[in-house]
Structures are given as structure tokens and as C-alpha cells.
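Participant: take a look and give me a structure for this.
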Amino acid sequence: MQKDVQLCVVGKVFKPNRLKVLALNKTLDEYFRLVKWYLGFNFRLKSFLHDNFYEKAKELFNTALIRTVRDKAVEILKRFEENMRGRSVLRLKRIFMRFDRRCYSFSKTKTF
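Facilitator: Predicted coordinates:
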């Protein structure tokens with residue numbers, strides 16, 4: 001039996017210049033808007049969302065994170081429905097970004 005291992009890495013951008021900050025803020029804003037867009041469909045099936053909305057998401061949003069955003073939106077919706085049981089309305093205020101291995105690279109620094 002083979003199991004998948006997930007690892008959470010918290011990163012820090014050392015000495016962020018204006019362009020790095022701008023790029024990170026732009027990516028976070030696009031990610032947040034795409035999660036809200038997927039949540040608007042109110043579906044919990046990844047395959048249904050992919051089959052029906054993936055091409056439209058590629059047209060509307062300029063990001064390589066569409067699949068991870070879709071998965072994040074489905075997880076948020078499922079968790080919300082399990083915890084709230086219809087007592088509240090989902091309002092997304094902030095979100096933590098999830099990157100896949102295509103979006104980052106590691107480099108050694110001499111700060112540690």
C-alpha cells in the first residue's frame with residue numbers, strides 16, 4: 001500500500017523589493033478571486049467543476065494554479081457544510097495559498 005505524504009512549508013521572502021511584493025500581492029489577489037469564483041458554483045465534486053468550468057477559468061484568470069484553487073474551494077465548501085449545517089452563510093475573508101511544485105523553487109541562503 002502506497003500513501004501520499006503532504007508537507008507544509010512556510011516560506012519567507014528575504015529582502016523583498018517592490019517588484020516581489022507586487023508580484024506576490026497580485027498572485028494572492030488572483031488566487032482569492034478564483035477561489036470565490038469556484039465557490040459561487042456551490043458544487044462539491046472536483047470532476048464536475050473541472051469538466052464544466054476549467055476552460056472558462058483559463059479564459060478569465062491568468063494563473064497556473066487553477067487545479068489547486070479548485071481543490072481548495074471544494075475543501076472549503078465541504079468543511080463549511082460539515083461545521084455549520086446550514087446555520088450560516090459562507091463569507092470568505094482571507095485564504096492561505098496552496099502552491100504545487102510547478103510554482104516554486106528552493107535555494108540555499110547563508111542567513112541560517
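Participant: and stretch 26-40, what's buried?
Facilitator: Across stretch 26-40, burial judged by 16 or more other C-beta atoms under 10 Å covers 27, 31, 32, 34, 35, 36, 37, 38, 39. Every residue, glycine included, has its C-beta placed from N, CA and C.
Participant: show residues contacting it.
Facilitator: If you take C-beta atoms under 8 Å, 6 or more residues apart in numbering as the criterion, stretch 26-40 is touched by 49, 53, 57, 60-63, 65-66, 69-70, 72-74, 76-77, 90, 92, 94-95, 97.
Participant: the residue nearest to the spatial centre of the chain: what secondary structure?
Facilitator: Centroid-nearest residue in the chain, with C-alpha atoms, centre = their mean: residue 69, separated by 3.8 Å. Recorded secondary structure, residue 69: helix (DSSP: H, G, I helix; E, B strand; the rest coil).
Participant: may I ask which helix or strand encompasses residue 33?
Facilitator: Assigned by DSSP states H and E, residue 33 belongs to helix 18-39.
Participant: now the helix or strand that that helix is followed by against helix 18-39, angle please.
Facilitator: Counting by DSSP H and E, the next helix or strand C-terminal to helix 18-39 is helix 46-60. Angle, helix 46-60 to helix 18-39, by axes from the mean of the first three to the mean of the last three C-alpha atoms, to 10 degrees: 130 degrees.
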